[in-house]
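Trainee: take this sequence and fold it.
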Amino acid sequence: MTQEECRNLDELIGTLLKYHPEAHVELVEKAYHFAEKAHEGQLRKSGEPYFTHPLTVASILAKLMLDAPTIAAGLLHDTVEDCDDVTIERIEKEFGQEVALLVDGVTKLRRLDFSSRVEQQAESIRKMILAMSKDIRVVLIKLADRTHNMRTLKSQPPESQKRIAQETLDIYAPLAHRLGVYKIKQELEDLCLRYLDPEGYQNLITKVGMKRAEREANIRAVINTLSEKLKEMHIHYEIDGRPKHFYSIYRKMVLQHKPFEQIFDLIAIRVLVDTVQDCYAVLGVVHTLWKQIPNRFKDYISMPKPNMYQSLHTTVVGEKGMPFEVQIRTYEMHRIAEYGIAAHWRYKEGKQVADSLDNKLYWLRQILDWQNDTRDSEEFIKSLKVDLFSDEIFVFTPKGEIIDLPRGATPIDFAYRIHSAVGNKCVGAKVNGRIVTLDTPLNTGDFVEIITQQNSKGPSRDWLKIVKTSQAKAKIRQFYKKELKEENIANGKQMLDYEARRQALSLPMLLKPEYVEPILHKFSFADVDDLYAAVGCGGVAAAQVVTRLREEQKNHEKPLVPVMPRVQADPVHTRPSSSAKDDMGIKIAGLPGCQVHFAKCCTPLPGDEIVGYITRGRGVTIHAKDCVNVNQSHDPNRWVEAEWSETVNSYYNGSIQILAQDRHNLLADLMSYLSAQKVTVCALNARVNNTNHTCTIELTLQVANKQELEWIIKQIAKRQDTIEIFRV
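Mentor: Here you go, the predicted structure:
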């Protein structure tokens, strides 16, 4: 081991021993050497040795004061995913079940199992959420992993930078907020801003830096004034001044449409004291020294945030009219504010003692409740973002108990938060003693009473459009799934049939047992009726099911006679002259030299099994054998055998449909890409769905055969914008 490697390991062990003198150091040392050897020879996109990444992740975890198994898992977290000879079973054998469970929780699912990046992302995050329910340390490792990836994001191409930064801002920063790990939350938000709005970020840095000297002088004056008063009162304290992090300032400018010059509270003074009584004593001193700004006082000590954050916040006006924020908390509150859930993670004699966190992790149990009922990937991600990122409000039950809900929540959300039976029997609500409609938004401080009726028929389907919490939506869907299963089955079957016909497919042909079984297994359905019911109640999208069924159908099709694809790694080839054969490369049994044309319903290509249909006055129409019209023909005697010529020297029209993430210049970039691949586009149709920011693109391409079209589909599927793609 080199001198630098010794120093890295010694620093990691030294940090761990500072807060955990009896830590299992040997476990960390073993994981260090194992991961270093496993990643030997691997490089990051920045050119650095890959091992620098897991080592930094472990260092971040050590600074969060986590235990030895967590730090060991941080060192090993990428070995299963990136090293061919390392498996979860091997990790468990070498390091024990505890470390193996943590590593498995942060290991991504393989892309081969999914039809799109969105689905893969959703299922990997779902896996992480489930692992969190068993051990919250899983998400702390993932946050440390994402933090280092964001620190080194400059080595990624621009499109990846924006995609990763947006995902971080949507999922991981809110997760850090929910867990109270503000140290990581603020760093992630600032790093995301750097890549999502580089110009705005640089302008903000410049503007903040211009008056730094003036602000620092004002901070020193405020600290000196407050310190003198606290010394007179013999209160033990620490004071420091800090600027607000960049994303906090940026968000205020965007949401409140304020120019930078009108953002006055750019600094905050933090006071740390020994006891809660001292907190309120300091608050009294602050309000005596400076004038308080109305409606800017928040007491998070008597009413803590759901992520355990406690502090007093007040904004006052100092000398020269400069507003500034004062945060007052105890040393223990400050430790929790910095490290959140990690501050509560302790082990005694090898036994976990985190049971006291159950109430503080209620939001996690909510996610687990509804994620089991939400099988559609896009719906899962959308709901997760809403639940993680919404601001909280605090309302009271008639008995005075505090209930936290996302901003915009309604009495129905409140009812289901109390109990699913209360929600199902809800017929009305009172807020602050007055009857209100069920879609009334609640506000912090409201007293809410739910009016129930025992003979109520249950929730209305319209409530799904009203409620804000995923928990309430899941409970309403559960009610309809259980009470109206027959209706859901009928609706689901009808929806699947419609979607299949929209894609020019036959649902009965797609519902063969060998096609359906993998889908039932993936979604944990007992039978096809469960699948119908899930589609009927909105638990899974009909388009997703039909696309999966079609993929299974393709996988089970008879293998074709091996033909070397006309397109290899680079599809550069010469188009034939316009004097193509009259028979279009088709041989018709018993009808040599007859006129042929291709059916528009299935547009067959060389490589597809085909059949001919004799049409009066037009020769023979060629269909693919699996075309829906072949099985629905009223005159079977007009079908004739057909096959492709041994040497086909012609080009044909093949159609594909792409579902992509909508963005500026999407079509232009796609056309430019196809042009570079020497692919001729014969027709194009596109439509934008503004509700989910996607674009559906239908293309007709000139290709030599089925293999060439499949090659093109594979290349487009690799593009970052592509959600799903299939041949029409």
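Trainee: which non-adjacent residue is nearest Val516?
Mentor: Val528 (6.1 Å; Cβ to Cβ, 6 or more residues apart in numbering). From N, CA and C alone the C-beta is placed, and that goes for glycine too.
Trainee: tell me the contacts of that neighbour?
Mentor: 511, 516, 520 (Cβ atoms under 8 Å, 6 or more residues apart in numbering).
Trainee: now pLDDT and neighbour count too, for those, in a markdown table please.
Mentor: Below are the contacts of Val528 laid out as a markdown table (pLDDT from 0 to 100; neighbours: other Cβ atoms under 10 Å):
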| residue | pLDDT | neighbour count |
| --- | --- | --- |
| Leu511 | 85 | 15 |
| Val516 | 86 | 19 |
| Leu520 | 84 | 15 |
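Trainee: for the residue nearest to Val516, give its distance to Pro508.
Mentor: Val528 is 12 Å from Pro508, where distance means Cβ to Cβ, to the nearest Å.
Trainee: just the contacts of Val528 now: which is nearest Asp82?
Mentor: Leu520 (32.1 Å; Cβ to Cβ).
Trainee: now for that closest one: which residues touch it?
Mentor: Here Leu520 is in contact with 526-528, 530-531 (Cβ under 8 Å, 6+ apart).
Trainee: mind checking the SS state of it?
Mentor: Three-state assignment for Leu520 (DSSP: H, G, I helix; E, B strand; the rest coil): helix.
Trainee: circling back to that earlier point, which one of the contacts of Leu520 is nearest Ser460?
Mentor: Asp530 (24.2 Å).
Trainee: give me the element that closest one is part of.
Mentor: Using DSSP states H and E, the element containing Asp530 is helix 528-536.
Trainee: after that helix, which helix or strand is next?
Mentor: helix 542-556.
Trainee: how near is Ala38 to Thr603?
Mentor: 49 Å.
Trainee: any chance of a markdown table for the contacts of Val528, columns distance to Ala217?
Mentor: Output for the contacts of Val528, formatted as a markdown table (distance: Cβ to Cβ, whole Å):
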| residue | distance to Ala217 |
| --- | --- |
| Leu511 | 75 |
| Val516 | 72 |
| Leu520 | 69 |
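Trainee: so what's the residue nearest to Val516 scoring on pLDDT?
Mentor: At Val528, the predicted lDDT confidence score is 86.
Trainee: which residues in the stretch 401-550 of the chain form helices?
Mentor: 411-418, 420-424, 463-466, 470-483, 485-502, 507-510, 513-523, 528-536, 542-556 (DSSP state H, counting those that start in this stretch).
Trainee: I'd like the average pLDDT over the fourth one.
Mentor: This means helix 470-483. 79.
Trainee: can you give me the buried ones in that helix?
Mentor: 470-481 (16 or more other Cβ atoms under 10 Å).
Trainee: what is the nearest of those residues to Lys457?
Mentor: Out of the buried residues of helix 470-483, the member with the shortest distance to Lys457 (by Cβ to Cβ) is Phe479, at 10.3 Å.
Trainee: so the closest one makes contact with Ala421?
Mentor: No. When contacts are counted by Cβ atoms under 8 Å, Phe479 is not listed as touching Ala421 (10.3 Å).
Trainee: intersection of neighbour lists for those two?
Mentor: Joint contacts of Phe479 and Ala421 (Cβ under 8 Å, 6+ apart) do not exist.
Trainee: scan this structure for its longest helix.
Mentor: helix 212-232 (DSSP state H).
Trainee: quick check: buried residues in that one?
Mentor: Result for helix 212-232 [16+ other Cβ under 10 Å]: buried residues 215, 218-219, 222, 226, 230.
Trainee: now that helix - C-alpha only, PDB.
Mentor: Taking Å, rounded to 0.1, in the frame of the first residue of the first chain, the C-alpha atoms of helix 212-232 are listed here in PDB:
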ATOM      1  CA  ARG A 212     -19.600  40.700   0.900                       C
ATOM      2  CA  ALA A 213     -17.300  43.100   2.900                       C
ATOM      3  CA  GLU A 214     -20.300  45.300   3.800                       C
ATOM      4  CA  ARG A 215     -22.400  42.300   5.000                       C
ATOM      5  CA  GLU A 216     -19.500  40.900   7.000                       C
ATOM      6  CA  ALA A 217     -19.000  44.200   8.800                       C
ATOM      7  CA  ASN A 218     -22.800  44.200   9.600                       C
ATOM      8  CA  ILE A 219     -22.600  40.600  10.800                       C
ATOM      9  CA  ARG A 220     -19.700  41.500  13.200                       C
ATOM     10  CA  ALA A 221     -21.600  44.500  14.500                       C
ATOM     11  CA  VAL A 222     -24.700  42.400  15.200                       C
ATOM     12  CA  ILE A 223     -22.700  39.600  16.900                       C
ATOM     13  CA  ASN A 224     -20.900  42.100  19.100                       C
ATOM     14  CA  THR A 225     -24.100  43.800  20.200                       C
ATOM     15  CA  LEU A 226     -25.900  40.500  21.000                       C
ATOM     16  CA  SER A 227     -22.800  39.000  22.700                       C
ATOM     17  CA  GLU A 228     -22.600  41.900  25.200                       C
ATOM     18  CA  LYS A 229     -26.300  41.400  26.300                       C
ATOM     19  CA  LEU A 230     -26.000  37.600  26.600                       C
ATOM     20  CA  LYS A 231     -22.800  38.000  28.800                       C
ATOM     21  CA  GLU A 232     -24.700  40.300  31.100                       C
END
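Trainee: contacts for that helix, please.
Mentor: 237, 239-241, 243, 266-267, 269, 271, 282, 285-286, 288-289, 318-320, 322, 324.
Trainee: quick check on the residues you listed: which are buried?
Mentor: 237, 239, 241, 266-267, 269, 271, 282, 285-286, 318, 322, 324.
Trainee: and of those, the nearest to Asn8?
Mentor: Nearest member of the buried ones among the contacts of helix 212-232 to Asn8, counting by Cβ to Cβ, is Gly241, at 33.9 Å.
Trainee: and Met150, that's in a helix?
Mentor: Yes. Counting by three-state DSSP, Met150 is found in a helix.
Trainee: residues contacting the residue nearest to it when sequence neighbours are not counted?
Mentor: In this structure, Met150 finds its nearest non-sequential neighbour in Leu191, 4.2 Å apart by Cβ to Cβ, 6+ apart. Counting by Cβ under 8 Å, 6+ apart, Leu191 touches 150-151, 153, 165, 168.
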